[in-house]
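Asks: Test case, fold it:
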Amino acid sequence: MNAAWMQLVLAAQDLLGYAKELTLSGDLAKAKPQTLRYRLLHQAGRLARSGRRTRLRLARHWPWAEDLAAACRRLDALPLPAG
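Replies: Have a look, this model is predicted:
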């Protein structure tokens, strides 16, 4: 059970590192995982679907809302691998 937990933790760490490399810029690109958790992952967002579009709704007063929205735009713009 401990080995499975360790594998999950390592996978989560890898995913956070890859997401940081691909989508963040400026100070957040150099930030430690604790800072990313506080600034980005603790933000409550809501996915709103209308027609064929899906939008991410974030609180406007949150200081890092624009950084998270920019990261989502960069992630959306990445090409999908050919399968």
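
Asks: Check the separation of the first and last residues in stretch 46-61.
Replies: Start to finish, the residues bounding stretch 46-61 are 15 Å apart (C-alpha to C-alpha, to the nearest Å).

Asks: Off-centre distance for that stretch?
Replies: For stretch 46-61, the separation from the chain centroid amounts to 15 Å (computed by C-alpha atoms, centre = their mean, to the nearest Å).

Asks: which residues sit against stretch 8-20?
Replies: The contact list for stretch 8-20 (C-beta atoms under 8 Å, 6 or more residues apart in numbering) reads 28-29, 31, 33, 36, 71, 75. Heads up, the C-betas are built off the backbone N, CA and C, glycines and all.

Asks: in this structure, which helix or strand is least confident?
Replies: strand 53-58 (a mean of 86; mean pLDDT, DSSP states H and E).

Asks: any low-confidence regions in this structure?
Replies: Along the chain, the parts satisfying pLDDT under 70 run over 83.

Asks: Right, I'll leave it there.
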